[in-house]
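Participant: model this:
(chains A and B)
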Amino acid sequence: MAEIVLFRYRSGTSCVHRMDARMKVLSLVLMCLAAFSGRWITLVALSLLSLAVIRITAIPPLLALRDIRPVLLLAALVVGGRVLFSEQPVPALVEGLLAAWRLVAVALLGSLFVSTTQVAEIRSAVFWTLRPLPLIPASLAARAAAMVGLSLRFVPLLLRQAREVDLAQKARGAGSRGRPVWRMAALSRVLLRRMFERGDELVEAMLARCYTDEATLPRPAVGAAGVWAASAAAAVAAAALLWGL
Amino acid sequence: MGADAGGAAPLVSVRGLTHRFLDGTLGLERVDLTIRRGEFVVLAGRNGSGKTLLARHLNGLLEPTDGEVVVDGVSVACGARRARERVGLVFQDADSQIIGDTVCEDIAFGPRNLRLDEPETTERVGEALAEADLTGRRDLPPHLLSGGEKRRLAVAGVLAMRPDMIVFDEPFSSLDYPASRQVLKRIVAFHARGGTVLVITHDLDRILAHATRLILMQGGAIVRDGPPPEVLPEVERFGVRLPAAGPLGVQSMTWLER
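Facilitator: Predicted coordinates for the structure are as follows:
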């Protein structure tokens, strides 16, 4: 069966898998900040960090790149667009490559985050981050955490449904007569309806298993690996912001 | 009419249950039903007869237009959550009830909603994995499981909540012979441990040998209710296929080793 791999968790026992999700989110945010603030040296550092994570987690590198195929395509378009529409192609190419590298770096880091973090951990992280904040009741924190978790959990499902609907329509000759706008509209109509139906089924399934905002959520524990990761990310972000490296 | 279930206490009592849809269509009409602890009930009928609709009332997923459902002495209208703790529901489409992104996390969803602490949750997840023969799959994403494994995962997710009764809605749909046998073993094992079972199906072949009671529905009402040997000769009148082994006796239909 063809697999749609975006936003998919890959199980493992590496230190990255076991890291506190809150530290991973913090590190990710700092590294994204660095990616868009810094230049070549920062991007080299982020790329080396990404490679290190790929090595530690034993995720096949080609698979990691395949996960972000749409972003690679977008990056190529960014480079091509800059060169084509610039009067000075060489500087435009350099800036285009820089912009593309930023996109790819951020996408790869995000994909690695999702690949190594279970939705339940993300949900716990959101809950335990929001809960201590004043003016946010525990039920609201739990509800926000559940929404984040469900959104991430069902993005692959949404993509799979879109693929199924597209194939079903093609099997009945859709697309053979051109009219891409019409086809897109037909696909969207069906997909939207299927998603609402799936949402209803999901609500029933959750209620049937006594869903509550006050479910016991595992409490994450900050470990040494998380502190190191966040520190490294902070160092890279600082270098990018302060010195523009 | 109704089966004599001996002196076992009623677990589920349905009295005058009526369900009318928003467009006025009658889905259930004054259904009366008592399910006692330890029963193994098969609920059959043609498509649209009201079987799944009835099942969704048993754990409070739907509210009746009229009538009442009582689970373990408490009206579902007053305590839907309590009803859902007592009566588990395995949906026909396993994909729609798989919530976790690993097998283990999906099974843990129920116990966490019961506000059990982490050690208790871990223990129940381990037990459920073993009962469903999914221990070797615990860290897999559910979408990589086969159809039968997904169905067993759905069962495990309900087993981990330790309900008194489980309703299985078309548990064998889309399953091949080996997968059907695996699911059937889990259902029979749950019943053997003292659980109460309600299986909704229009395919009696696979399950009837293990049932203590067969109920037929048509047009939103119960039309026959009794021990399988008594009800079986009339099934075709109500849109249910008579199993090929029917004339040889109900016990001969089992898909499991005797």
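
Participant: Quick one: name the residues of chain A near chain B.
Facilitator: Applying C-beta under 8 Å from any C-beta of the partner chain, one finds that chain A approaches chain B through A:8-9, A:11, A:118-120, A:153, A:156, A:160, A:198, A:201-202, A:204-212, A:214-218. Where you see a C-beta, it was placed from the backbone N, CA and C, and this is true even at glycine.

Participant: Any of those residues buried? List them.
Facilitator: Listed as buried from the residues of chain A next to chain B are A:8-9, A:11, A:118-120, A:153, A:156, A:160, A:198, A:202, A:204-212, A:215-218; burial here means 16 or more other C-beta atoms under 10 Å in any protein chain shown.

Participant: Return the subset of these lying in helices.
Facilitator: A:119-120, A:153, A:156, A:160, A:198, A:202, A:204-208 (DSSP state H).

Participant: Out of those, which two sit at the greatest distance?
Facilitator: The largest separation in these, counting by C-beta to C-beta, is between A:160 and A:207 at 23.8 Å.

Participant: Remind me what the helix or strand hosting residue B:150 packs against, helices and strands.
Facilitator: Element membership of residue B:150, judged by DSSP states H and E, is helix B:147-159. When contacts are defined as 3 or more C-beta pairs under 8 Å, 6 or more residues apart in numbering or on different chains; DSSP states H and E, helix B:147-159 packs onto strand B:87-90, helix B:103-113, helix B:118-131, strand B:165-169, helix B:177-192.

Participant: how about a cut-off of 6 Å?
Facilitator: Applying 3 or more C-beta pairs under 6 Å, 6 or more residues apart in numbering or on different chains; DSSP states H and E, we find helix B:147-159 packed against strand B:87-90, helix B:103-113, helix B:118-131, helix B:177-192.

Participant: Dump these into TSV; add mean pLDDT, mean neighbour count and distance to residue B:48 as well.
Facilitator: Below are the helices and strands packed on helix B:147-159 laid out as TSV (pLDDT from 0 to 100; neighbours: other C-beta atoms under 10 Å in any protein chain shown; distance: least, C-beta to C-beta, whole Å):
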stretch	mean pLDDT	mean neighbour count	distance to residue B:48
strand B:87-90	95	27	19
helix B:103-113	93	26	30
helix B:118-131	94	17	33
helix B:177-192	92	17	24
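
Participant: I'd like the ones you listed laid out as JSON lines, including distance to residue B:74.
Facilitator: Below are these laid out as JSON lines (distance: least, C-beta to C-beta, whole Å):
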{"stretch": "strand B:87-90", "distance to residue B:74": "12"}
{"stretch": "helix B:103-113", "distance to residue B:74": "19"}
{"stretch": "helix B:118-131", "distance to residue B:74": "23"}
{"stretch": "helix B:177-192", "distance to residue B:74": "23"}
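
Participant: nearest to residue A:237, of these?
Facilitator: Of all these, helix B:103-113 sits nearest to residue A:237, with 31.7 Å by C-beta to C-beta.

Participant: Any residue of that closest one touching chain A?
Facilitator: Yes. Remark: helix B:103-113 sits within contact range of chain A at B:105, B:109-110, B:112-113, by C-beta under 6 Å from any C-beta of the partner chain.

Participant: what about chain A, any weak spots by pLDDT?
Facilitator: A:1-7, A:175-178 (pLDDT under 70).

Participant: in it, which spans are helices?
Facilitator: Taking DSSP H to define them, one finds helices in chain A at A:15-18, A:21-37, A:40-57, A:61-67, A:69-84, A:89-115, A:119-130, A:138-171, A:180-208, A:224-243.

Participant: what secondary structure does residue B:225 sit in?
Facilitator: strand (DSSP: H, G, I helix; E, B strand; the rest coil).

Participant: per-residue pLDDT, the nearest residue to it once chain neighbours are set aside?
Facilitator: Nearest residue to residue B:225, sequence neighbours excluded (C-beta to C-beta, 6 or more residues apart in numbering or on different chains): residue B:215, at 4.7 Å. Here the pLDDT value assigned to residue B:215 is 97.

Participant: pretty sure residue B:215 belongs to a helix, no?
Facilitator: No. Applying three-state DSSP, one finds residue B:215 to be strand, outside a helix.

Participant: Relative to residue B:92, how far out is the nearest residue to residue B:96 once chain neighbours are set aside?
Facilitator: Nearest non-adjacent residue to residue B:96, counting by C-beta to C-beta, 6+ apart: residue A:201, 3.8 Å away. Distance, residue A:201 to residue B:92, by C-beta to C-beta, to the nearest Å: 10 Å.

Participant: ok, now residue B:150?
Facilitator: In terms of C-beta to C-beta, residue B:150 sits 12 Å off from residue B:92.

Participant: And these two? Which one has more around it.
Facilitator: residue B:150 (23 against 19; other C-beta atoms under 10 Å in any protein chain shown).

Participant: I figured the more buried one was touching residue B:93, is that so?
Facilitator: No. The criterion here is C-beta atoms under 6 Å, and residue B:150 misses it with residue B:93 at 9.4 Å.

Participant: residue closest to the middle of chain B?
Facilitator: Residue closest to the average C-alpha location in chain B (C-alpha atoms, centre = their mean): residue B:167, at 1.8 Å.

Participant: Need the pLDDT of that one.
Facilitator: Residue B:167 is given a pLDDT of 97.

Participant: got the contact list for it?
Facilitator: Contacts for residue B:167 (C-beta atoms under 6 Å, 6 or more residues apart in numbering or on different chains) come out as B:55, B:89, B:198.
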